[in-house]
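**Q** got a predicted structure plus its sequence, pasted below:
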Amino acid sequence: MLSAELPVRVLMIDDDVDLQSVVGELLESNGFVFASAHSAKEGLAVLDRVRPDVVVLDVVMEDVFAGFRVLAWLRRNPDRELALRWRQVPVVLMSGVQSAIGMQVLQDAPRALLPIDACLEKPAEPSRVLEAIRACLARSRSALRSLHEPSLADGA
């Protein structure tokens, strides 16, 4: 990270306290600001306070759909202001569901159906979480740059 850049804020919403602790230490040692929530409900409650640049999200927490409800709130919020704020925040989805059912549904799902930026199978190595976050940030920054650069069609 360049010193002129603001630190990247990561919110991890996951009920696995041990994984949060290890990932948090790794991210903080790499210059990220780390915040955590232990349930979908808590995650939604702290979003405005934390204002994360990336969300790392577990699927199964309070129930088997908890993470999907958070994802739906972030991506399809009926409140226009909230929708604009959260729609562009990269989401790294982490789940052990795929190994439990023996299918790679999350990676193979079309983005329109499952609007995530990366997917990791649990248990995920903390270094893989760091790699996924960095890749999401690189894609996100690249997309933002292309929005602000004049196109060749504009005579640039």
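**A** Yep, it's here.
**Q** can we go C-alpha only for contacts and neighbour counts from here?
**A** OK.
**Q** ranges for the helices of the protein?
**A** Taking DSSP state H, the helices of the chain run over residues 17-29, 40-50, 66-75, 80-86, 97-101, 105-108, 126-148.
**Q** now the second one against helix 66-75, angle please.
**A** It refers to helix 40-50. Interaxial angle of helix 40-50 relative to helix 66-75 (axes from the mean of the first three to the mean of the last three Cα atoms, to 10 degrees): 30 degrees.
**Q** which other helices and strands does helix 40-50 contact?
**A** strand 9-13, strand 33-37, helix 66-75 (3 or more Cα pairs under 8 Å, 6 or more residues apart in numbering; DSSP states H and E).
**Q** okay, it in CSV with CA atoms only?
**A** C-alpha atoms of helix 40-50 as CSV (Å, rounded to 0.1, in the frame of the first residue of the first chain):
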residue,chain,number,x,y,z
ALA,A,40,-25.3,-11.4,9.9
LYS,A,41,-27.4,-9.2,12.2
GLU,A,42,-24.3,-7.7,13.8
GLY,A,43,-22.6,-7.2,10.4
LEU,A,44,-25.5,-5.2,9.1
ALA,A,45,-25.6,-3.1,12.3
VAL,A,46,-21.9,-2.1,12.0
LEU,A,47,-21.7,-1.4,8.2
ASP,A,48,-22.3,2.3,8.5
ARG,A,49,-19.9,2.7,11.3
VAL,A,50,-17.1,0.7,9.7
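**Q** what's next to stretch 47-59, contact-wise?
**A** If you take Cα atoms under 8 Å, 6 or more residues apart in numbering as the criterion, stretch 47-59 is touched by 8-15, 35, 65-68, 89-95, 97, 133, 137.
**Q** quick revisit: tell me the most buried of the helices and strands packed on helix 40-50?
**A** Highest mean neighbour count of the helices and strands packed on helix 40-50: strand 9-13, a mean of 24 (counted as mean count of other Cα atoms under 10 Å).
**Q** no further queries at this time; thank you.
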